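Student: Compute the structure for the input listed below.
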Amino acid sequence: MSRPPSTDAQRRLEELRREIREHDYRYYVLDAPIISDAQYDRLMRELEELERAHPELVTPDSPTQRVGGAPSEAFRRVPHRVPMLSLANVFDEEEAASWYRSIRKRLEEEELLAPGAPIALYCEPKFDGLAVELVFEDGRFVSGSTRGDGEVGEDVTPNLRTIRSIPLQLREEVPGRVEVRGEVVMHKSDFAELNRRQEEAGDRTFANPRNAAAGSLRQLDPRITASRPLVFYAYEVLGGPAELSLHSERMEWLARLGFRLAADRRRAESMEEVYSYWRTMLERRNELPYLVDGIVVKVDDDRFRNALGQVARSPRWAIACKFPPQEEVTVVRNIEVNVGRTGVLTPVAILEPVHVGGVVVPAPPCTTRTSLGARTCASATASSCAAPATSSPRSSPSSRTPAPETRSNSSSPPNALRAVAPSSASPARPPGFARTPPAPPRSRPASCTMRLGSAMDIRGLGEELVRQLVQRGLVRDFADLYELTAEQIADLDRVVGEKTYKVGMKIARKVVKEIEESKTRSLNRFYTALGIRLVSETMARELASRFPDVRQLFETPPEALEAIPGFGEVRGRAVSDFFSKSENRRVIERLFAAGVHPAVEAPSLPRIEGSPLSGKAFVLTGELSSMTRDQAKAEIERRGGRVTGSVSSKTDYVVAGRDPGTNKLTGAQKHGVPVIDEETFLKMLEEGEEASE
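Tutor: Residues are numbered from 1 along each chain as shown. Sure thing, here's the model as predicted:
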């Protein structure tokens, strides 16, 4: 019969755990240790010996339990209680100012903000790592998952437990459930040391810190993750004290609980302060210990956040202000030629790898757009990913402008393009006679295609697939996307953890099906997808209502566009300039020829007067079986009601269809708003019609 543990042993265990947690916090969070490594090791050994002697006293949050258990065979899928949304991108102060004006206007319309009053904002670096969510119950870390697709992530709890900057027990008593979101990164210095060890061991090195962090966190064996120098930075929290209604207050609360935050975070009282912070961080980007590709700007006040809500998969209350690319000079070692399906010859430059902002450029060969006179052994600038419209920050590096003035061998011969083509193709044509891809402002083929895929709601068309499609010359503009075959997509690569596989026919057929289904998306989505400068989703909807035939815009003078309410001279001129370009018209015609037929919404029906819905505010969530969300919105509006994107105390009803959003149902419960099903909603619409008769 085993002897019960002594009170002295239990007391000493608690003292050791408390002391080790304190030293972990000082070392991994504050970067300010107060004892030597040898002293720390002695404390840990004593704890391990005591726990071996009293295994019944081992707790899940003990410092000895960070690594343990056998390797997992697979990662379990975990739904996020509240979706982990992505951020909309802006690339200059003009776009940031436009975002700020739009949210201020919305808050003024909701009567939450006095006209012209400023909005307090919170700024922080935009980490280039892997987003994760940590769940704590009564102050103890219980589970963690990757962001995944935003709705569902992968359970990587054992791996997250190995990261020393993640507290297993919070430093204060916190009852209930708290979800902490942040980024797992690898510091630049740690990344260099890891690659050095990998190289010495004869193992594969990593291309950049982001890939190293992502690959390390998704190891099936937590012991491998434990050997990698990963760091967690918190940037958002769900739950906690109700009196903390400001994001800045919650961040300082997280710091007290033992989380590491970006040292360069800042609260801004105006957009001028945001611009100053943006410029400062751009100047200091190479000094920071981690990779960043911009800054994140968030509305600080929860009241404003709740009122602003979200659009598609992005919150209205936050944006990512991106940095321009970094450039270095490298050498063009060789030029190969790809023959496209229409006989177009595309030069592909083989570049000498070069480090740009912590990224090796290029990993694979990069497609260039240099002239026929490009020479081998010439120099070219290589850059980290440029920041195109609505593109993901995860885009791969690309080759950029040739720099012949630094050519090491000026007499090197031109790499002539051979006039060859597949037997089934038309005669080969050099790039000078090839069709010209569209060039909307700030866009390149990959970013244009990403924008189209997002706006046209093409699921499965991820950033990595787009990059490869462009790189292989399969997609050079919007229209090419609709000519892809499953066989072409199946041959692309996909990365799972640290391994690379072919996409395969099963996934490829799904992507092709999604592309096919996107051909009949609404006209306002189509206008949004074109990426017309200064044209928001709201403006795209206005264009769709006034120009159901896209070709009408080919000849519409700018004066007519300027007269549209909300457009004005600048926006009207931008629309006119876009549709006046022959290359843009050509791509639109090719889209139509490929079977893209945007759906034109039916003209609005006459208003119904005297309806009980008049003056009521509705929030729609989930899928309705009898009508689309847009149709439901139209029916509410023609009865004098209005539809908002988020639940607030001013909401009268939440209409819940199939698979409703958790956050909207939670908001309804919080504000005491009635939730009605589709059947009840349809009856309310019928009552409105009866009242008008």
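
Student: contacts and neighbour counts: CA atoms only from here.
Tutor: Will do.

Student: what mean pLDDT does stretch 284-300 have?
Tutor: The average of the pLDDT scores along stretch 284-300 is 93.

Student: I'd like to check what contacts that stretch. Which residues are they?
Tutor: Contacting residues not belonging to stretch 284-300 are listed as 119-129, 185-189, 209-210, 246-248, 274, 278, 281-282, 305, 317-323, 357-358, 393 [CA atoms under 8 Å, 6 or more residues apart in numbering].

Student: same deal with stretch 505-521?
Tutor: Residues contacting stretch 505-521 (CA under 8 Å, 6+ apart): 456-461, 481-482, 484-487, 489-490, 595-599.

Student: Narrow these to those in strands?
Tutor: Judged by DSSP state E, strands contain none of those.

Student: Tell me the buried residues within the residues you listed.
Tutor: 456-458, 461, 481-482, 484, 486, 489-490, 596-599 (16 or more other CA atoms under 10 Å).

Student: Determine which two of those are furthest apart.
Tutor: Ala490 and Ala599 (29.8 Å; CA to CA).

Student: roughly how far apart are Gln488 and Val475?
Tutor: Distance from Gln488 to Val475, counting by CA to CA, to the nearest Å: 11 Å.

Student: quick one, which of the two is more surrounded?
Tutor: A count of neighbours by other CA atoms under 10 Å puts Val475 above the other of Gln488 and Val475, at 23 against 14.

Student: Confirm that that one sits in a helix.
Tutor: No. Per DSSP: H, G, I helix; E, B strand; the rest coil, Val475 lies outside any helix segment and is coil.

Student: Which residue comes closest to it once chain neighbours are left out?
Tutor: Using CA to CA, 6 or more residues apart in numbering and skipping the chain neighbours, the partner closest in space to Val475 is Leu469 (5.5 Å).

Student: For that neighbour, which residues are in contact?
Tutor: Contact analysis of Leu469 by CA under 8 Å, 6+ apart lists 475, 489, 492.

Student: wouldn't the first one be in contact with Leu481 here?
Tutor: Yes. Look at Val475 against Leu481 with CA atoms under 8 Å: they come within range, at 6.0 Å.

Student: Share the number of residues neighbouring the closest residue to Asp302 other than its chain neighbours, please.
Tutor: Once flanking residues are discounted, Asp302 sits nearest to Ser245: 5.5 Å by CA to CA, 6+ apart. By other CA under 10 Å, the residues close to Ser245 number 13.

Student: how's the protein carved up into domains?
Tutor: Domain segmentation of the chain under automatic domain parsing yields 7-65, 90-322, 327-433, 443-601, 617-692.

Student: Make CSV out of these and add distance to Ser611.
Tutor: Shown next, in CSV, are those (distance: least, CA to CA, whole Å):
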stretch, distance to Ser611
domain 7-65, 59
domain 90-322, 22
domain 327-433, 41
domain 443-601, 24
domain 617-692, 4
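
Student: lowest-confidence stretch among these?
Tutor: Lowest mean pLDDT of those: domain 327-433, a mean of 48.

Student: burial count for Phe547?
Tutor: Neighbourhood size, Phe547 [other CA under 10 Å]: 15.

Student: And the helices in the stretch 151-300 of the chain?
Tutor: Listed in chain order, the helices of the stretch 151-300 of the chain (DSSP state H, counting those that start in this stretch) span 157-160, 188-200, 209-217, 222-226, 247-257, 271-284.

Student: Single out the most deeply packed of these.
Tutor: Each of the helices of the stretch 151-300 of the chain was scored by mean neighbour count; the highest is helix 157-160, a mean of 26, by mean count of other CA atoms under 10 Å.

Student: Tell me the helices and strands packed up against it.
Tutor: With contacts defined as 3 or more CA pairs under 8 Å, 6 or more residues apart in numbering; DSSP states H and E, the packing partners of helix 157-160 are strand 140-146, helix 222-226.

Student: Indicate which one of the ones you listed is closest to Phe547.
Tutor: Of all the helices and strands packed on helix 157-160, strand 140-146 sits nearest to Phe547, with 43.0 Å by CA to CA.

Student: Which one, of the helices of the stretch 151-300 of the chain, ends up nearest to Gln631?
Tutor: Closest among the helices of the stretch 151-300 of the chain, once you apply CA to CA, is helix 247-257, at 35.7 Å.

Student: Buried residues in whichever strand or helix holds Arg509, which are they?
Tutor: Following DSSP states H and E, one finds Arg509 within helix 504-517. Applying a neighbour-count criterion of 16+ other CA under 10 Å, one finds 504, 508-509, 511-512, 514-516 buried in helix 504-517.

Student: Show me the contact partners of stretch 486-494.
Tutor: By CA under 8 Å, 6+ apart, stretch 486-494 touches 464-465, 468-469, 500-505, 507-509, 511-512.

Student: where along the stretch 1-150 of the chain do the helices fall?
Tutor: Under the criterion DSSP H, counting those that start in this stretch, helices of the stretch 1-150 of the chain are mapped to 7-24, 37-53, 93-109.

Student: on that earlier part again, possible to save the helices of the stretch 151-300 of the chain as JSON lines with distance to Gly645?
Tutor: Shown next, in JSON lines, are these (distance: least, CA to CA, whole Å):
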{"stretch": "helix 157-160", "distance to Gly645": "33"}
{"stretch": "helix 188-200", "distance to Gly645": "40"}
{"stretch": "helix 209-217", "distance to Gly645": "33"}
{"stretch": "helix 222-226", "distance to Gly645": "40"}
{"stretch": "helix 247-257", "distance to Gly645": "21"}
{"stretch": "helix 271-284", "distance to Gly645": "25"}
